[in-house]
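# With the input below, show me the fold.
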Amino acid sequence: QLLDGYDVEVRNYQRELPLIVQKKNFRISKVTKGDALIVFSRKKVLQVAAKLENDGHKVSIVYGGMPPETRQKQIEQFHKGETEVVVATDAIGMGLNLPIRRVVFLENEKFDGTRVRTLTSQEIKQIAGRAGRKGKYDEGFVAFSYDVKKMQSLLERNDFEIQRFAISPTQNIFNRFRYFGKDLSEFFRLWDKYENPPGTVKAPLTEEKDLYEEIKGTEIEAKLSVAELYSYLHLPFSSYESSLRDQWKDNMLAIINNDELQEPII
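Numbering: from 1, shown residues only. I've put the predicted structure just below:
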């Protein structure tokens, strides 16, 4: 509906190499060159990598939040054959083209910021799709440590076509808001009243509103523009963890007072 009247070109892409699901539960003793072992926390990545190295394997690691230059070096080592196995989080599914023969899911669940849940069909496809690099292999393989039938059915499931997309406040919206109000209380009130177009779902901004209550009426609010303040409320961190919330607030105070930021709590 939103694109009515526009010229739209739709491109469909097909995987060229077959992707074969191995029927047996994977055991870590069966790891081979070209494997990418998938877990869902940095701690688990380091644990698995340490075990493999103790068993004599050369290992590269990839996880979200790794410094870019470090990540690049790990990737290059795997490309050059200096390492034979990759241990990674789902960060490996985001734009990394590695010579992986087999993707192995050591875990079928992940913590999504709120709860531990089973991987979705889309998540499994995104990660499993790394297996079988064209030009190096004729096929790719996927293995699971447990629940093979269940995970294979998720991998092979036809996903629903996208029916709508989420919308959130943009810089242009804040530029317009300057003429109507001066604080975020008024902004959130207007956002709740805003009738989003058909085909979209409006972001509820629940966490942003909750964080705003922490600094409402303080010098933090007084010294920042509405757009700047919202960008800090919108930072991607688990605001339900009290230690991270306190750290966020301390850093906000440091920013407005032009003080040095504190080292993060590890």
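# Let me see the mean pLDDT of stretch 187-195.
The pLDDT scores in stretch 187-195 average 92.
# Okay, buried residues for the helix or strand N175 falls within please.
Using DSSP states H and E, N175 sits within helix 171-177. Neighbour-count burial for helix 171-177 flags I173, F174, F177 (criterion: 16 or more other Cβ atoms under 10 Å). C-beta: built from backbone N, CA, C; applies to glycine.
# where's the second one relative to W191, distance?
Spelled out, that is F174. Using Cβ to Cβ, to the nearest Å, F174 is found at 11 Å from W191.
# which other helices and strands contact the helix holding N175?
Applying 3 or more Cβ pairs under 8 Å, 6 or more residues apart in numbering; DSSP states H and E, we find helix 171-177 packed against helix 184-193, helix 226-233.
# got TSV for these, with distance to G64 and mean neighbour count too?
Compiled in TSV, the helices and strands packed on helix 171-177 are given as follows (distance: least, Cβ to Cβ, whole Å; neighbours: other Cβ atoms under 10 Å):
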stretch	distance to G64	mean neighbour count
helix 184-193	29	15
helix 226-233	20	18
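# In TSV, list those along with distance to D246.
As requested, the helices and strands packed on helix 171-177 are exported to TSV (distance: least, Cβ to Cβ, whole Å):
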stretch	distance to D246
helix 184-193	21
helix 226-233	15
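# closest to L17 out of those helices?
Between L17 and those, the shortest gap by Cβ to Cβ is with helix 226-233, which sits at 41.9 Å.
# And for that closest one, what's in contact with it?
With Cβ atoms under 8 Å, 6 or more residues apart in numbering as the test, helix 226-233 has contacts from 169, 171, 174-175, 177-178, 181-184, 187, 207-208, 211-212, 215, 220-221, 224, 248, 252, 255.
# Buried among those residues? Need that as a selection in PyMOL.
Buried residues among the contacts of helix 226-233 (16+ other Cβ under 10 Å), as a PyMOL selection:
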select buried, resi 169+174+177+184+187+207+208+211+212+215+220+221+224+248+252
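# Next, the buried residues of stretch 38-45.
Neighbour counts over stretch 38-45 (16+ other Cβ under 10 Å) mark I38, V39, F40, K44, V45 as buried.
# And R157, what's its pLDDT?
You'll see R157 listed with a pLDDT of 91.
# go on, I173?
Note on I173: pLDDT of 87.
# Figure out the helix or strand that S153 lives in.
In the assignment (DSSP H and E), S153 maps to helix 148-156.
# helices or strands next to the longest helix along the chain in the packing?
With secondary structure taken from DSSP state H, the chain has its longest helix at helix 242-256. Counting contacts by 3+ Cβ pairs under 8 Å, 6+ apart, helix 242-256 packs against helix 206-215, helix 219-223, helix 226-233.
# Show me what the shortest one packs onto, helices and strands only.
Contacts of helix 219-223 with other secondary structure elements, assessed using 3+ Cβ pairs under 8 Å, 6+ apart, are made with helix 242-256.
# between the helix it packs on and helix 206-215, how big is the angle?
60 degrees (axes from the mean of the first three to the mean of the last three Cα atoms, to 10 degrees).
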